[in-house]
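J.: can't give you the sequence, but here's the structure:
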Ligand SMILES: Nc1ncnc2c1ncn2[C@@H]1O[C@H](COP(=O)(O)OP(=O)(O)OP(=O)(O)O)[C@@H](O)[C@H]1O
Ligand SMILES: C[C@@](O)(CCOP(=O)(O)OP(=O)(O)O)CC(=O)O
């Protein structure tokens, strides 16, 4: 059978789209570096793939001589252990595939000999703290599993994606997702589960302030390893703090209790960054702009008497702000645009990406409208804090909780040419 197949020239391919996610209870620290097993549970919100997503095409052909991958148009090496593990784990679960229309028949055993070509594209900056590795590995595993007719459920697939990048396991589901740390040594119970789908709490609006899209100095992988090795605080966090927060956060999500959700998310982000500071040498992911955004949100929340907006920061300076509803999101953007107006030569159309329809609610159409924004009422009496920081935010993205991975059956979405299996 394998020889028969080797003489053929067809290309079979699958394209999928997978969202990124933002943790509201953070994963930071591993108990097993190779299997990527965490020291605590974590909870995330999946972001709408309409605005932030990875698209991956995987293809197989008897004419391919080796496994190859192109990321954002450039060929990258697949020799890294994380890529190898994902490929191996999916291949070992491959089953028979038949495409009657194309006259293709691949037996379970053939997959060991066949090579794949992979092309992937992130519609947002890679390695800039916008969780590209999460969407990327989730999409790789999801699309390969579809191509190879893997029959495992989404939870089992999440345990494979986890071995590409820990946070990737949470991108296998939409809505609100928990990554259970698990107890088993082989990691089989360290999987993601959906807590609620994206429709459960669809009032939420998410605004991301992209503070810097440069690649960061300390990767999450090495940062969390250093924290585990040197921080005392991380032990207390994993053992005493997170388990309680996980229960409270699940409750807050179930009840759509925004004040509790916001308090927990902000406290957890702050504690994660405190762990980074408690690491030797200390790791600084946030910068002055990040700190300013925290202060503005804290001040506003306090003046309202109850939280309107939650903030959370991953391993980078970008702020992810979760507003309780669209009205609040518009007020939030008014404030953000007031403090962080774009550079005078900036094209205003590229200063807010994602769901730009919110600008109507904000009452802002162009740079002139931004300049005319009044100071937020909570700072009226304090002239020293009305300073503006032009250009300190690169751009904003407006999005919302979104769905999990989907197949894109229309071949026009494919990133590989259906005849050659090479990038289009
Ligand atoms: N679409 C993709 N497909 C496969 N792998 C990807 C994809 N996008 C990113 N990666 C992998 O993830 C790496 C970037 O991960 P890294 O953790 O440094 O950044 P990040 O995920 O953007 O930020 P963070 O995880 O801190 O939020 C890339 O070098 C690449 O190996
Ligand atoms: C701060 C975080 O975003 C850390 C993400 O770390 P990664 O999943 O990127 O790390 P590896 O497992 O080593 O690939 C918090 C989170 O997403 O929970």
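T.: On my side now, so go ahead. The model shown is predicted, which means the values in this text are computed figures rather than measured ones. Ligands and ions are numbered 1, 2, ... in the order given.
J.: please make it C-alpha for all contacts and neighbour counts, starting now.
T.: OK.
J.: pLDDT at residue 349, what is it?
T.: Turning to residue 349, the model gives it a pLDDT of 90.
J.: sec struct for it, please.
T.: helix (DSSP: H, G, I helix; E, B strand; the rest coil).
J.: report how many residues lie close to it.
T.: For residue 349, the neighbour count with other Cα atoms under 10 Å is 12.
J.: now do the contacts for it.
T.: Residue 349 makes contact with no residue, according to Cα atoms under 8 Å, 6 or more residues apart in numbering.
J.: tell me how far it lies from residue 282.
T.: 38 Å (Cα to Cα, to the nearest Å).
J.: any idea which helix or strand carries residue 178?
T.: According to DSSP states H and E, residue 178 maps onto strand 176-179.
J.: so how far is residue 354 from residue 396?
T.: For residue 396 relative to residue 354 (Cα to Cα), the value is 8 Å.
J.: for residue 405, that is, sorry about that
T.: Residue 405 is 18 Å from residue 354, by Cα to Cα.
J.: could you do residue 413 as well?
T.: Distance of residue 413 to residue 354, given as Cα to Cα: 20 Å.
J.: of those two, who's got more company?
T.: Neighbour count, other Cα under 10 Å: between residue 413 and residue 354, residue 354 has more, with 19 against 15.
J.: that one reaches residue 48, doesn't it?
T.: No: the pair residue 354 / residue 48 is not scored as a contact, 9.3 Å apart, by Cα atoms under 8 Å.
J.: which neighbours do those two share?
T.: residue 399.
J.: burial count for residue 90?
T.: The burial count for residue 90: 23, using other Cα under 10 Å.
J.: got the buried residues for stretch 277-285?
T.: 277, 278, 279, 282, 283, 284, 285 (16 or more other Cα atoms under 10 Å).
J.: again with stretch 18-35
T.: Those would be 18-30, 35, for stretch 18-35 by 16+ other Cα under 10 Å.
J.: in a helix, residue 135, correct?
T.: Yes: judged by three-state DSSP, residue 135 forms part of a helix.
J.: how far off centre is the lengthiest helix in the chain?
T.: If you go by DSSP state H, the chain has its longest helix at helix 258-277. Relative to its chain's centre, helix 258-277 lies at 18 Å (Cα atoms, centre = their mean, to the nearest Å).
J.: now swap in stretch 18-29 and tell me
T.: Taking mean C-alpha positions (Cα atoms, centre = their mean), stretch 18-29 and its chain are 6 Å apart.
J.: quote the end-to-end distance of it.
T.: So stretch 18-29: terminal residues 25 Å apart, Cα to Cα.
J.: same deal with stretch 42-60?
T.: With Cα to Cα, one end of stretch 42-60 sits 35 Å from the other.
J.: tell me if it is near ligand 1.
T.: Yes: using Cα under 6 Å from any ligand atom, stretch 42-60 reaches ligand 1 at residue 54.
J.: then stretch 300-320?
T.: Yes: Stretch 300-320 is in contact with ligand 1 by Cα under 6 Å from any ligand atom, via 314, 315.
J.: give the buried residues for that stretch.
T.: Result for stretch 300-320 [16+ other Cα under 10 Å]: buried residues 300-301, 307-320.
J.: near ligand 2, which residues of the stretch 51-200 of the chain are found?
T.: Residues of the stretch 51-200 of the chain lying near ligand 2 (Cα under 6 Å from any ligand atom): 165, 166, 167.
J.: among those, the buried ones, what's the PyMOL command?
T.: To isolate the buried members of those in PyMOL, using 16+ other Cα under 10 Å:
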select buried, resi 165+166+167
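J.: pipe the residues of the stretch 51-200 of the chain next to ligand 2 into CSV and attach secondary structure and distance to residue 337 per row.
T.: As requested, these are exported to CSV (DSSP: H, G, I helix; E, B strand; the rest coil; distance: Cα to Cα, whole Å):
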residue, secondary structure, distance to residue 337
165, coil, 34
166, helix, 34
167, helix, 31
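J.: for the residues of the stretch 51-200 of the chain next to ligand 2, give me JSON lines that also has distance to ligand 1 and pLDDT.
T.: Shown next, in JSON lines, are those (distance: Cα to the nearest ligand atom, whole Å; pLDDT from 0 to 100):
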{"residue": "165", "distance to ligand 1": "8", "pLDDT": "98"}
{"residue": "166", "distance to ligand 1": "9", "pLDDT": "98"}
{"residue": "167", "distance to ligand 1": "7", "pLDDT": "98"}
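J.: any idea which of the residues of the stretch 51-200 of the chain next to ligand 2 is closest to residue 136?
T.: residue 165 (8.9 Å; Cα to Cα).
J.: which residues does that closest one contact?
T.: By Cα under 8 Å, 6+ apart, the contact set of residue 165 is 36, 82, 133, 134, 137.
J.: closest to residue 67 out of the buried residues of stretch 18-35?
T.: Using Cα to Cα, those come closest to residue 67 at residue 18, 21.5 Å.
J.: walk me through the domains of the chain.
T.: Domain assignment for the chain, taken from automatic domain parsing, gives 3-196+409-413, 205-399.
J.: can you say which of those domains is packed in most?
T.: domain 3-196+409-413 (a mean of 21; mean count of other Cα atoms under 10 Å).
J.: how far out from the middle of the chain is it?
T.: Offset of domain 3-196+409-413 from its chain centre (Cα atoms, centre = their mean): 14 Å.
J.: same check on stretch 272-283?
T.: Remark: stretch 272-283 is offset 22 Å from the chain centroid, using Cα atoms, centre = their mean.
J.: so is that stretch next to ligand 1?
T.: No: Stretch 272-283 lies apart from ligand 1 when judged by Cα under 6 Å from any ligand atom; the minimum separation is 12.8 Å.
J.: between the two ends of that stretch, how far is it?
T.: End residues of stretch 272-283 are separated by 11 Å (Cα to Cα).
J.: re the thing from before, show me which of the buried residues of stretch 300-320 neighbour ligand 2.
T.: Applying Cα under 6 Å from any ligand atom to the buried residues of stretch 300-320, one finds that 314, 315 fall near ligand 2.
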